[in-house]
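Novice: Next input, structure requested:
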Amino acid sequence: MTDDEVRNAVLAFLEKRQKRFMINDIMKSLQKDHEELKKKQLKSVTSAMIQDGSLAYWSSGSTTYFSLPGLQPKEEKD
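Specialist: Next up, the predicted model:
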């Protein structure tokens with residue numbers, strides 16, 4: 001997979017689901033159709049996407065989540 005194909009696959013995955021995901025969740029979903037994808041390549045592409053603003057991340061301190069920029073997940077009620 002080229003970096004552009006990975007980029008497009010990540011965007012398609014996030015647009016379809018409209019919420020935050022951990023890198024492992026994105027990886028598992030993309031590997032269903034693209035077994036050759038390596039985590040190192042996915043991390044590299046997602047880092048570039050964060051820098052160019054096409055991807056946003058949020059960290060809880062121990063876990064990092066990725067989403068589309070400007071996405072406001074629904075508030076969870078206790």
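Novice: which ones are touching Arg20?
Specialist: Trp58, Tyr65, Phe66, Ser67, Leu71, Pro73 (Cβ atoms under 8 Å, 6 or more residues apart in numbering). Just so you know, the C-beta spots here come from the backbone N, C-alpha and C atoms, and that holds for glycine as well.
Novice: For the nearest residue to it once chain neighbours are set aside, grab phi and psi.
Specialist: Distances taken as Cβ to Cβ, 6 or more residues apart in numbering place Tyr65 nearest to Arg20, at 3.8 Å, with adjacent residues excluded. The phi/psi pair for Tyr65 (degrees, to the nearest 10) reads phi -120, psi 150.
Novice: now do the one 4 residues further on
Specialist: The phi and psi torsions at Pro69 (degrees, to the nearest 10) take the values phi -60, psi 140.
Novice: what does Leu68 give?
Specialist: According to degrees, to the nearest 10, Leu68 has phi -70, psi 150.
Novice: How about the contacts made by it?
Specialist: By Cβ under 8 Å, 6+ apart, the neighbours of Leu68 are Leu11, Leu14, Glu15, Gln18, Leu55, Ala56.
Novice: Leaving out chain neighbours, which residue sits closest to the fourth one?
Specialist: Take Gln18 and drop its neighbours on the chain: the residue closest to it by Cβ to Cβ, 6+ apart is Leu71, 6.6 Å away.
Novice: in the helix or strand hosting Val10, what counts as buried?
Specialist: Secondary structure from DSSP states H and E places Val10 in helix 3-17. By 16 or more other Cβ atoms under 10 Å, the buried positions in helix 3-17 come out as Val6, Arg7, Ala9, Val10, Leu14.
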